[in-house]
Structures are given as C-alpha cells and as structure tokens.
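Undergrad: okay, sequence plus prediction incoming.
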Amino acid sequence: EADIYQTPRYLVIGTGKKITLECSQTMGHDKMYWYQQDPGMELHLIHYSYGVNSTEKGDLSSESTVSRIRTEHFPLTLESARPSHTSQYLCASSDGRRSSYNEQFFGPGTRLTVL
Amino acid sequence: QKEVEQDPGPLSVPEGAIVSLNCTYSNSAFQYFMWYRQYSRKGPELLMYTYSSGNKEDGRFTAQVDKSSKYISLFIRDSQPSDSATYLCAMGTNAGKSTFGDGTTLTVKP
C-alpha cells in the first residue's frame, strides 16, 4: 500500500474562501503531482514538481498554486474558491529510480465542494 | 486525436468470465506501460507495469504490450465482483511524462 496521505478527505466550503489541500508522502519520492478528476471522468494533470523549490504547471490550466518546500510535502492552495472548483483532487508521487518516474502512487483524494 | 485511446466501456460480465481491457496509442516514444485500478471515490492504484513489449503475469492479471501494433491489453481471469472498478491504462516515456487513458468501468456480476 502506498504511503501517501491527503487531508482533508472531504471539504465543503463557501465561495471566496481560501483553502489549502495537504499532501504528504513517506516514500522519499522526488516527483509529486496534483490531478483533478470529476466523477467518471479522466484525470487532468494540474501541477507537478521534480523536487524542492521546483513546481510546474500541468496540462490543464488551474487557478490553484502549489509549493514544494520539503521533499515529502506538496500542498495545493486555492486563494478564492468558486463553484467551478468543485471536483476531486488527487495527489501522486513517483521515484526517478523506478521506471523513469512512470510508476505513480496516488493518495486517496480530497473531494472538494464549493457552494 | 488523443495520444492514448482506451476502449470506453462500460463493461459488464458475469463472475468467472475472462475480461479483456484494451488501449491503443500513437506516440512511438512510449516505453513504459501501466495499468491502474480505481475504485469509486478512491485514488488510482498501480496494478501492473511493463517495460517495452511482452507479457507480464501477476496472479489473475496479465498485461500484454504489442509495440508494433501500438496496442496494450489487460486480461483478468476468473473475474470476481471485487474486480468491479474503473481501469486506467497509462503510458510513459524515458523523460518521465505519463499519459493516461480515460478509463474503462468494469462491473462483475455475481
């Protein structure tokens, strides 16, 4: 079982609030990712990081921001939540020594609802 | 056209059936081929990983890669109700960029 954790698991919040979704992994992986996934739909990569102080935008434009101050921690922040941000957010990590980062290990997800 | 196309499903089979899940791709740079299983309201779980062409077996699961046809498959033997989930194929390059399929939802009926 993958050692990657996300909190909170569920969040219901009002429009305009600032939120931070937490993601931590204890596997020592250098690369981490954030995906957005609507129910029954495909995964969309929104951010990734190759290591400390490295962050990149993914394939899907997102109003969220990320930071990577510690290897094991990769939080995602929404400065002002809107109903269009309602979705499931999945964090993942991978190790460059394994299959060139292609084996990804996912957290359980945070289901966000913005009212 | 998407780089990775996955049979859309949904797929419904009786318990004990052999299930075949399939993906095609267009990018010749893909060298790594993965299958993930995702239960409802959970994160994807890595099931199997294959490098380059060939077969890989793990219990009831067999992954096949045919690079000449740009086609990969996941076979599930003796399918169980607990196999009911969405299955995602994913493919990656040596540069570490992975591309996921849209997923196929499988239901195994008792």
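TA: Looks like it arrived, so ask away.
Undergrad: use CA for all of it now, contacts and neighbours both
TA: Will do.
Undergrad: where does chain B have low pLDDT?
TA: Flagging of chain B using pLDDT under 70 yields an empty set of residue ranges.
Undergrad: three-state assignment of the spatially most central residue of chain A?
TA: Central residue of chain A (C-alpha atoms, centre = their mean): A:Trp34, 2.9 Å from the mean position. Under DSSP: H, G, I helix; E, B strand; the rest coil, A:Trp34 falls in the strand class.
Undergrad: pretty sure it contacts A:Cys91?
TA: Yes - between A:Trp34 and A:Cys91 there is a contact under C-alpha atoms under 8 Å: 4.6 Å.
Undergrad: now the end-to-end length of stretch A:94-111.
TA: 22 Å (C-alpha to C-alpha, to the nearest Å).
Undergrad: any buried residues in it, and which?
TA: By 16 or more other C-alpha atoms under 10 Å in any protein chain shown, the buried positions in stretch A:94-111 come out as A:94-95, A:99-111.
Undergrad: so which of the residues you listed are also by chain B?
TA: For chain B, the contacts drawn from those by C-alpha under 8 Å from any C-alpha of the partner chain are A:Ser99, A:Ser100, A:Tyr101, A:Asn102, A:Glu103, A:Gln104, A:Phe105, A:Phe106, A:Gly107, A:Pro108, A:Gly109.
Undergrad: strands of chain B, start to end?
TA: B:4-6, B:11-14, B:19-25, B:32-38, B:45-51, B:54-58, B:61-66, B:71-76, B:85-92, B:98-100, B:104-109 (DSSP state E).
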